[in-house]
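Asks: test case, fold it:
(one chain, ligands or ions: 1)
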Amino acid sequence: MPMKTTTLPSGEAVPVLGLGTWRMGEDKSRFTEEVAALRLGLDLGVTLIDTAEMYGSGGSERVVAEAVEGRRDDVFIVSKVLPSNASRRGTVAACERSLKNLSTDRIDLYLLHWMGSVPLDETVEAFEGLKRDGKIRHWGVSNLDADEMEELSGLPSGQNCQTDQVLYNLSRRGPDFDLLPWCRRHGMPVMAYSPVEQGRLARNARLDAIAARHGATPAQIALAWVLAQAGVIAIPKAVRPDHVRQNVAALDIALSSDDLAELDRAFPPPGRKGPLEMI
Ligand code: NAP
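Replies: Prediction:
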């Protein structure tokens with residue numbers, strides 16, 4: 001079955017499920033296991049991988065490099081520049097380092113990891129230069145709230161932003177209030193990070209009944225809920241092969257309107273604006 005996709009503002013289709021890699025590449029003794037987990041995901045059709053220069057100080061990018069060896073053209077790689085590196089020159093240098101770690105000549109989607117002290121227009125200028133040079137194909141941001149997205153879209157080339165990657169799951173529904181509607185209005189998918197709340201939703205008893213009805217695990221229900229939201233890409237991280245398989249199988253879970261109403265009661269959507277949460 002081909003993977004379900006969503007469309008970036010550029011018109012390019014990207015998978016709605018990706019593979020997260022935070023905490024990978026930190027411990028050499030786990031390298032082989034981590035590479036195998038990503039390869040298993042790729043074999044099961046999940047061809048988007050999310051990494052960052054921050055993860056394992058480049059170690060995660062090196063795990064990704066090994067995992068995509070021989071199949072680079074089939075994979076959509078997302079990486080991120082740290083805000084402390086996001087100056088005009090620093091962004092270019094960080095990208096060069098990431099390209100080296102990733103053993104590739106281009107990053108498919110390059111994100112500003114979170115907002116720091118460098119003015120956004122400077123980072124955007126650097127991103128546009130990297131695009132012209134073919135070192136990145138698209139750029140986006142992470143952890144920006146609706147007001148910051150509005151500011152970004154008013155900057156020169158700001159409308160070229162392709163995504164906002166934010167913390168979003170059943171227990172972190174803040175983006176439902178205004179960020180997701182903003183992104184939907186602008187035809188921009190959101191990438192939901194920590195979609196199983198770093199494993200905590202896998203142990204949440206409020207998901208047990210629905211999970212039992214679907215013959216699924218609570219983590220799968222949490223993931224299926226994120227995947228049921230329009231214009232959202234989920235990027236769970238899993239090293240255990242059974243977790244990788246379960247996460248891919250969550251694509252086939254169709255939550256009914258009764259299930260969704262039950263989940264709304266257990267994990268209510270926000271009634272008012274709160275600050276964007278981060279992990
Ligand atoms: P997550 O994906 O919600 O959770 C990962 C944890 O859940 C791991 O301990 C994993 O265990 C476990 N897990 C995965 N699938 C499971 C399943 N089916 N059943 C039970 N447990 C399961 O959290 P995350 O790693 O924080 O977020 C995902 C990705 O988003 C990151 O890896 C990273 O790429 C990105 N991220 C971005 C930002 C940002 O600021 N932009 C911040 C955080 C994360 P095993 O590994 O042992 O299988």
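
Asks: hang on, residue 275 packs against residue 147?
Replies: No. Applying CB atoms under 8 Å, one finds residue 275 not in contact with residue 147, separated by 10.8 Å. Every residue, glycine included, has its C-beta placed from N, CA and C.

Asks: give me the more crowded residue out of the two.
Replies: Regarding residue 275 and residue 147, a neighbour count based on other CB atoms under 10 Å identifies residue 147 as having more, with 13 against 7.

Asks: could you pull out the helices in the stretch 151-279 of the chain for me?
Replies: Residue ranges of the helices in the stretch 151-279 of the chain, as given by DSSP state H, counting those that start in this stretch, are 179-185, 208-214, 218-227, 241-249, 257-266.

Asks: tell me the most buried of these?
Replies: Among the helices of the stretch 151-279 of the chain, helix 218-227 has the highest mean neighbour count (mean count of other CB atoms under 10 Å), at a mean of 25.

Asks: that one - contacts with which helices or strands?
Replies: Using 3 or more CB pairs under 8 Å, 6 or more residues apart in numbering; DSSP states H and E as the contact definition, the elements that helix 218-227 packs against are helix 208-214, strand 232-234, helix 241-249, helix 257-266.

Asks: and the shortest one, does that touch the ligand?
Replies: Going back to what we said before, that points to strand 232-234. No. Using CB under 6 Å from any ligand atom, strand 232-234 stays clear of the ligand, with a minimum separation of 8.4 Å.

Asks: report the rounded mean pLDDT for that strand.
Replies: Regarding strand 232-234, the rounded mean pLDDT is 98.

Asks: what sits up against that strand?
Replies: When contacts are taken as CB atoms under 8 Å, 6 or more residues apart in numbering, the neighbours of strand 232-234 outside the stretch itself are 6, 14-18, 48, 163, 168, 180, 189-192, 195, 223, 226-227.
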